[in-house]
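J.: Next comes the sequence, and after it the predicted model I'd like to discuss.
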Amino acid sequence: MSVAKKVPKIADPDFQGKHQTANESWHAFEIMAEFVDATESLKEITPAVSIFGSARTKPEHPDYLLTEEIARLLSDAGFSVISGGGPGIMEAANKGAFPGRSPSVGLNIILPHEQTSNPYQEVSLDFKHFFMRKVMFVKYASAYVVMPGGFGTLDELLEAMTLIQTGKSRRIPIILVGTKFWSGLVDWFKQTLISEGMIEAEDMKLIKVIDNPREVVEAIFKHYETRGFELSAAERKTQLYL
């Protein structure tokens, strides 16, 4: 006696295509909702400084303690302090700002591992989308302070430099803290990227390397001393197309 084999049914490819399109359309609405929620929550925090660095830096590490000091000085000087909301340098930034005069802000990312929210956030947002979170780091920052970190830190640094270099974002101070850590990268920019014609020598003015916390704050104020922190009409328009 022969046994007939069951042939699996093949789903209607046209139905699958329509179902996929519907999912993508709803996802677009989800992105819009995340953007609107973040914009409403952050519109009152300016002027603000975004601080980046490794999620793996321990509380006893000198970089952690240095970040705390910088964040406290910035907060007391009137800057909201924005971090990625997680552990390590992000926690140090929020912890330093938390007792200060200005809000401590965390832009948390939902990840399968590594990222856990720190408890030092007065304004706390959760993002599903990396790109949306990155927009908010730039959109509301009057300056970037970049501590030692890994791929994520480098990603944020180079993203900001690219946006400013290409005119997609206004010019803001980008301060690298830690001469010993950053000197190799800065030297490579100069010796390789400039010499190969990949960037202009003028592009190196986008960044400053500073080690002293008070000098970090002073450099930010010096950048704005002739123009103030308020965006011009042209800059507001530019920020819409980040």
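T.: All right, it came through fine. Numbering: from 1, shown residues only.
J.: which other helices and strands contact the host helix or strand of Thr67?
T.: Element membership for Thr67, per DSSP states H and E: helix 62-76. Other helices and strands packing on helix 62-76, by 3 or more C-beta pairs under 8 Å, 6 or more residues apart in numbering; DSSP states H and E, are strand 48-52, strand 80-83, helix 89-97, strand 174-177, helix 213-224. Every C-beta, even on glycine, is put in place using the N, C-alpha and C of the backbone.
J.: can I get those in JSON lines with mean neighbour count, mean pLDDT and distance to Phe35?
T.: Output for these, formatted as JSON lines (neighbours: other C-beta atoms under 10 Å; pLDDT from 0 to 100; distance: least, C-beta to C-beta, whole Å):
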{"stretch": "strand 48-52", "mean neighbour count": "27", "mean pLDDT": "97", "distance to Phe35": "18"}
{"stretch": "strand 80-83", "mean neighbour count": "30", "mean pLDDT": "97", "distance to Phe35": "16"}
{"stretch": "helix 89-97", "mean neighbour count": "29", "mean pLDDT": "98", "distance to Phe35": "22"}
{"stretch": "strand 174-177", "mean neighbour count": "22", "mean pLDDT": "98", "distance to Phe35": "24"}
{"stretch": "helix 213-224", "mean neighbour count": "17", "mean pLDDT": "97", "distance to Phe35": "27"}
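J.: Dump the ones you listed to CSV, plus distance to Ser183.
T.: Formatted as CSV, those follow (distance: least, C-beta to C-beta, whole Å):
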stretch, distance to Ser183
strand 48-52, 18
strand 80-83, 24
helix 89-97, 19
strand 174-177, 9
helix 213-224, 17
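J.: Show me the one of those that comes nearest Glu60.
T.: helix 89-97 (11.1 Å; C-beta to C-beta).
J.: Helix or strand next in line after that closest one, which one?
T.: strand 104-109.
J.: Okay, now the sheet partners of that next one, with direction.
T.: strand 80-83 (parallel), strand 123-127 (parallel) (DSSP bridges).
J.: still on that earlier bit, out of the helices and strands packed on helix 62-76, which is closest to Gly167?
T.: strand 174-177 (15.4 Å).
J.: Run the angle between the helix holding Thr67 and strand 104-109 for me.
T.: Angle, helix 62-76 to strand 104-109, by axes from the mean of the first three to the mean of the last three C-alpha atoms, to 10 degrees: 120 degrees.
J.: Now do helix 62-76 and helix 89-97, the angle between them.
T.: Going by the same axes, to 10 degrees, helix 62-76 makes 40 degrees with helix 89-97.
J.: what's the angle from helix 62-76 to strand 48-52?
T.: Orientation check (the same axes, to 10 degrees): helix 62-76 against strand 48-52 gives 170 degrees.
J.: Tell me the gap between helix 62-76 and the middle of its chain.
T.: 17 Å (C-alpha atoms, centre = their mean, to the nearest Å).
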